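# Predicted model and sequence below, questions to follow.
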Amino acid sequence: QVQLVESGGGLVQAGGSLRLSCVASKRPSGSLAMGWFRQAPGKEREFVAGITWNIGASRYADSVLGRFTISRDTAENTVYLDMSNLKPEDTAVYYCASAYTATELQNGATYNYWGQGTQVTVSS
């Protein structure tokens with residue numbers, strides 16, 4: 001069974017940085033990409049960033065463009081999300097997920113494995 005385990009969340013002041021990691025117990029069969037999503041209290045889950053396994057093509061939500069960077073280590077089946085210049089509105093539970101397609105990375109429906117999430121809290 002595939003497990004995705006996120007880590008690296010925590011409490012940080014506005015303007016600070018965090019690095020999230022997502023380790024897959026094994027590469028999910030048919031996985032072509034990985035993504036990060038987040039969900040704040042009372043809000044719907046939203047796409048943050050996605051990256052393809054093969055060439056590392058990435059896509060970002062407008063709200064994090066220029067502040068967040070997604071990367072992957074194919075040998076370690078690990079995906080990272082480097083977050084800088086954090087804002088209070090970035091506060092959320094962050095989830096990583098595995099996608100069965102390398103297109104439409106922003107669409108949550110293309111992801112079929114999800115982690116349990118890690119909390120990120122940004123204080124003002």
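Received, thanks. Since this is a predicted model, take the numbers as computed values, not measurements.

# Pairing partners for the residue positioned nearest the centre of the chain in the sheet, please.
Per Cα atoms, centre = their mean, the C-alpha nearest to the average position across the chain is that of W36, at 2.0 Å. Here W36 sits in beta bridges with A49, C96, as judged by DSSP bridges.

# isn't it right next to S98, touching?
No - using Cβ atoms under 8 Å, W36 is not in contact with S98; the gap is 11.5 Å. In this view, the C-beta of every residue, glycine as well, is placed from N, C-alpha and C.

# So which helix or strand of this structure has the lowest pLDDT on average?
Across the helices and strands of the chain, mean confidence by mean pLDDT, DSSP states H and E is lowest for strand 111-114: a mean of 94.

# where along this structure do the strands fall?
Counting by DSSP state E, one finds strands in the chain at the ranges 4-7, 10-13, 18-24, 33-39, 46-52, 58-60, 68-73, 78-83, 92-99, 111-114, 118-123.

# how about those strands in a markdown table, adding distance to L105?
Formatted as a markdown table, the strands of the chain follow (distance: least, Cβ to Cβ, whole Å):
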| stretch | distance to L105 |
| --- | --- |
| strand 4-7 | 16 |
| strand 10-13 | 26 |
| strand 18-24 | 15 |
| strand 33-39 | 6 |
| strand 46-52 | 3 |
| strand 58-60 | 5 |
| strand 68-73 | 10 |
| strand 78-83 | 12 |
| strand 92-99 | 7 |
| strand 111-114 | 9 |
| strand 118-123 | 20 |
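
# Provide a list of residues in contact with S31.
Residues near S31 by Cβ atoms under 8 Å, 6 or more residues apart in numbering: 24, 53, 98-100, 113.

# which of these lies closest to N77?
A24 (4.2 Å; Cβ to Cβ).

# what's around the closest one, how many residues?
Other residues lying near A24 total 20 when counted by other Cβ atoms under 10 Å.

# From the contacts of S31, list just the buried residues.
Neighbour counting by 16 or more other Cβ atoms under 10 Å classes 24, 53, 98-99, 113 among these as buried.
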